[in-house]
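A.B. asks: kindly return the folded structure for what I paste below:
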Amino acid sequence: MRIHFIAIGGSAMHNLAIALHKKGYKVTGSDDEIFEPSRSRLEKYGLLPVKQGWFPEQINENIDIIILGMHARIDNPELLRAQELNLKIYSYPEYLFEQTKNKKRVVIGGSHGKTSITSMIMHVLKHNNINFDYMVGANIKGFDTMVNLEEKNDVAIFEGDEYLSSPIDMTPKFHWYKPHIAVLTGIAWDHINVFPTFENYVKQFEIFIKSIEKGGKLFWYEDDKELKKINKSNKDIQSISYNNADYFTDKEGNSCIKINDKIFILSIFGDHNFQNANAARLVCNELGINDMEFWNAMQTFEGAAKRLQLIRQNKETAFYIDFAHAPSKLKATINALKQKYQDRKLIACIELHTFSSLQANFIPQYKNTMENADTAIVYFNPEVIKHKRLPEISRDFVKSSFGDNVMVFTDTLALQQFLKKTDLNNTNILMMSSGNFNGIDFAEFAEELI
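C.D. replies: A predicted model of the protein is given here:
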């Protein structure tokens, strides 16, 4: 099998390329720019293109399959050549389904928490020596890649993103997977550039529920008002709600679960993480893992990269980073840290980085999401707005949209200087973004501060 990746450097794309290479397929690829860590990983497996750019002359009838990444444009010269030759063209979610169509598929969807739940399930399965295919949107300790596909495996665990599949496939990714077991964590409007109304966004989750295989199961968060309306959209499945796992905090400040007089001490904290853990537990029960086995494995779970990840700490201060960018996740992450460190102040910083978060008609969705932070900071880079070809936004507009308690920065150096001059005695720092605040090395910066 010969497979060529157009835009091989993408986060999901390069991981899929490596997985198929490991499976024994002949894999080639191209891209006009490849950044770290994709570059090093592709190079490690001999998959890094010799030259950057598009080379339509390399597209020929000997290629069995083209996998098209979201980074490519509809007028990409390699894509046009592949279409001219009538080659089979897949998006990566479509091809993931193709590879796992005879397996039991588990899909974790929702506007927030899906990476955390997927990584919890993966960690528990591995701890219990169960082999499985997977696709997850973050690096997880104990796993070399973010995609794995093996013939011997009977189960596939997928993080179900609602974004579009490819430049020529407007299907939301999670519509392709047709799960036997599904989780929906909640619905909070996102991807405004693709789903211009909230109603249109909610509709994608209803379609997802209808795509669950007959006789399958849907686990959904019971306090989400939108899921309450649509959870029974598919009459051929079982619809089961969940809430927080019943946890407590011991006198050392650890989050604990008690089962049959056995106490399990966990690294995760905050209500939203115990909602995630409960969803993961229910899925693992369906895969043959009982509660004692689940919580025993969860004692060694350290979280996915950039999901409330502790970078550095001392006796007075802890520095965390998180992928939070949607309003609901922003609020939940701040609340989780305030719950864990009730006697400490919190400096919370959010970078507006996604298409949605940088658009004037979406930014008011953030109103009061940072009200529980002692110091609330919003950062955005005007150059990123220009690069995304979006209308300008002003600092005053951002401040009024979030609430009067926030400070707004547009210069990353000024933000860093402010934090360096701040008294961090008995104070935590939380940096939230799907980016990196215009190039901050978080490990290095945390070391400077602490």
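A.B. asks: please count neighbours and contacts with C-alpha atoms only from this point.
C.D. replies: Will do.
A.B. asks: helices along this structure, start to end?
C.D. replies: 11-22, 38-44, 77-84, 92-100, 114-127, 198-211, 225-230, 271-286, 291-298, 327-340, 382-387, 395-402, 412-421, 442-449 (DSSP state H).
A.B. asks: of those helices, which is nearest V183?
C.D. replies: With C-alpha to C-alpha as the criterion, V183 lies closest to helix 271-286 of the helices of the chain, at 7.0 Å.
A.B. asks: what's the angle between the closest one and helix 291-298?
C.D. replies: If you take axes from the mean of the first three to the mean of the last three C-alpha atoms, to 10 degrees, helix 271-286 sits at 130 degrees to helix 291-298.
A.B. asks: quick one: contacts of helix 271-286?
C.D. replies: 113, 116-118, 120-121, 124-125, 181, 183, 185, 219-221, 242-247, 268, 290-291, 294, 332-333, 336 (C-alpha atoms under 8 Å, 6 or more residues apart in numbering).
A.B. asks: hey, which of the helices of the chain is tucked in deepest?
C.D. replies: Mean neighbour count (mean count of other C-alpha atoms under 10 Å) peaks for helix 114-127 among the helices of the chain, with a mean of 24.
A.B. asks: give the other helices and strands that that one contacts.
C.D. replies: Applying 3 or more C-alpha pairs under 8 Å, 6 or more residues apart in numbering; DSSP states H and E, one finds that helix 114-127 makes contact with strand 104-109, strand 155-160, helix 271-286, helix 291-298.
A.B. asks: note down every partner strand of the first one and its orientation.
C.D. replies: It refers to strand 104-109. strand 155-160 (parallel), strand 181-184 (parallel) (DSSP bridges).
A.B. asks: return the set of buried residues in that strand.
C.D. replies: 104-109 (16 or more other C-alpha atoms under 10 Å).
A.B. asks: hmm, back to that, in JSON lines: the strands paired with strand 104-109, plus mean pLDDT, distance to K345 and mean neighbour count.
C.D. replies: Shown next, in JSON lines, are the strands paired with strand 104-109 (pLDDT from 0 to 100; distance: least, C-alpha to C-alpha, whole Å; neighbours: other C-alpha atoms under 10 Å):
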{"stretch": "strand 155-160", "mean pLDDT": "98", "distance to K345": "34", "mean neighbour count": "26"}
{"stretch": "strand 181-184", "mean pLDDT": "98", "distance to K345": "33", "mean neighbour count": "27"}
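A.B. asks: distance to A304 added to the ones you listed, as JSON lines?
C.D. replies: Compiled in JSON lines, the strands paired with strand 104-109 are given as follows (distance: least, C-alpha to C-alpha, whole Å):
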{"stretch": "strand 155-160", "distance to A304": "13"}
{"stretch": "strand 181-184", "distance to A304": "18"}
